[in-house]
Every structure is written in structure tokens, then in C-alpha cells.
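Colleague: structure for the following, please:
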Amino acid sequence: MTTTTAPRRGRPGYDRSTLVAVCVATFNRHGYDATSMGMLAAELGVSKSAIYHHVSSKEEILEMALGQALDALEAVLAEAEQLDESGAKRLEKALRSTVQVLIEQMPQVTLLLRLRGNSPVETAALQRRRDITSRFGRIVESGQKDGSLVTSQPPRRIARLVLGMVNSIVDWYRPGESAAEPAQLEESILRLALDGVLAER
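Modeller: Coordinates of the predicted model:
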């Protein structure tokens, strides 16, 4: 005789951060728009009302996850901007730290990179992402002015190209499954990204 386990009622056996992590993995697997609260409840093994004990809506989960990724990316970029170094050195610091954030928060960053802007939360997150790109562009521009970076391409284009390389990590890198260790991956990306934009001395 087959027995079916009903979803647990009441308070779920998750704290808020763990619940969000499981939901983010589900969003990435099925797509945010296609994921219902019922699907999240099934994934968590709890009732929908148990999820509402921690969050008010699916969109609040999205906002929390995106905030984690964007806050971390903005924080490491701010550190790079404050360095009393050449534009090239600040770009290296910004890229290195961004790679680290992507590896450490890959599920949240993956969700961020797949946004389509279908809600106010998504639109706000996309604006913050554009602002990050603009700030990278200003670092590149400062490097072009101080002679440490090439001037053959507009700064914003360079920023988009190097960030595109960094962001591609979420499409193919799997920690624990890929041959490259995080530190090796970080160095490989830095060399590939920077070798094309560093000014010759």
C-alpha cells in the first residue's frame, strides 16, 4: 500500500534565509514567472500558509534574493572605486571581487541575470544592474585618462564586454563539479579580461 505524505502544516522547518535559498533554486530551475507558490510549497515540503509565515508573497522572496546579490556587487565595487590606484588596478580589483561574488552567490546572481523586467521589483533590480555597469564604465574611463587602459574602445563598451565575460560564469561553472577551482577561475578570467584592455608600457 502506498502512502502519500501531506505537506507539513504550521511553521516550516526552515529559517527565512534557508527558505529563500530553496525558493531561488526553484526559480532558477523553472523560471520565476512559471513558478507558483504551490510549486514552492511542494519543493519545500510545507503548506503555502507555512511559507506565508516567513514572507508575504513570491515577489518578496525575489526582492530579498536580488537584494542579496546587488548589495554584494555594489559593496565590492565601492571598495574598488575608493582605491588610490590607477584605473587599471581599480578595474582589476572590481573584476576580481565581482567574480568572487558570482561564485559565492551564484543562485542569486543567476536569478538577477535572467530578469525580464516584468514587475516593479525586477525593474528596480535591472536599474541597479545598469548602474553597476555605468560605474564600471567610469573606472575604465579613469584608466583611459591616466594611461593605464587602452583608448581604442569607448569605456562603457569595454565595461559591458568584460562584465559579459564575468557574467557568463553562471551559465557553465558549477562549484565542485568543474575542473577549475574558484581561485584558478578567478585568475583565468582576470587575465583574459585585462590582457585585452591594459595599455602597453
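
Colleague: need the longest helix for the chain.
Modeller: The longest helix of the chain (DSSP state H) is helix 120-146.

Colleague: domains in this structure, as residue ranges please.
Modeller: 16-56, 65-195 (automatic domain parsing).

Colleague: in TSV, list these along with mean pLDDT and mean neighbour count.
Modeller: For the C-beta atoms, the positions are set from N, CA and C on the backbone; glycine is no exception. Converted to TSV, these look like this (pLDDT from 0 to 100; neighbours: other CB atoms under 10 Å):
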stretch	mean pLDDT	mean neighbour count
domain 16-56	93	17
domain 65-195	93	17
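
Colleague: which residues touch L83?
Modeller: 89-90, 93 (CB atoms under 8 Å, 6 or more residues apart in numbering).

Colleague: for it, helix, strand, or coil?
Modeller: coil (DSSP: H, G, I helix; E, B strand; the rest coil).

Colleague: need phi/psi at it.
Modeller: Phi and psi for L83, reported as degrees, to the nearest 10, are phi -70, psi 140.

Colleague: report the separation between it and P154.
Modeller: 23 Å (CB to CB, to the nearest Å).

Colleague: what of Q127?
Modeller: Q127 sits 21 Å away from P154, going by CB to CB.

Colleague: if we can go back for a sec, go through the contacts of L83 and say which is closest to H30.
Modeller: K93 (36.3 Å; CB to CB).

Colleague: all helices for this protein, in order.
Modeller: Going by DSSP H, the chain shows helices at 16-30, 37-44, 48-51, 58-81, 87-104, 106-113, 120-146, 155-167, 169-172, 182-195.

Colleague: which residues sit against the second one?
Modeller: Yep, that's helix 37-44 we're talking about. Taking CB under 8 Å, 6+ apart as the rule, helix 37-44 contacts 7, 12, 14, 19, 22-23, 26, 30, 47-48, 50-51, 58, 61.

Colleague: repeat that with 6 Å
Modeller: The contact list for helix 37-44 (CB atoms under 6 Å, 6 or more residues apart in numbering) reads 22-23, 26, 47-48, 51, 58.

Colleague: send the alpha carbons of it over as PDB?
Modeller: What follows is helix 37-44, C-alpha atoms only, in PDB (Å, rounded to 0.1, in the frame of the first residue of the first chain):
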ATOM      1  CA  MET A  37       3.600  29.500  -4.600                       C
ATOM      2  CA  GLY A  38       2.100  26.000  -4.800                       C
ATOM      3  CA  MET A  39       5.300  24.800  -6.600                       C
ATOM      4  CA  LEU A  40       7.400  26.400  -3.900                       C
ATOM      5  CA  ALA A  41       5.400  24.700  -1.200                       C
ATOM      6  CA  ALA A  42       5.800  21.300  -2.800                       C
ATOM      7  CA  GLU A  43       9.500  21.900  -3.200                       C
ATOM      8  CA  LEU A  44       9.800  22.900   0.500                       C
END
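
Colleague: between that helix and helix 58-81, how many degrees?
Modeller: Orientation of helix 37-44 against helix 58-81 (axes from the mean of the first three to the mean of the last three CA atoms, to 10 degrees) gives an angle of 70 degrees.
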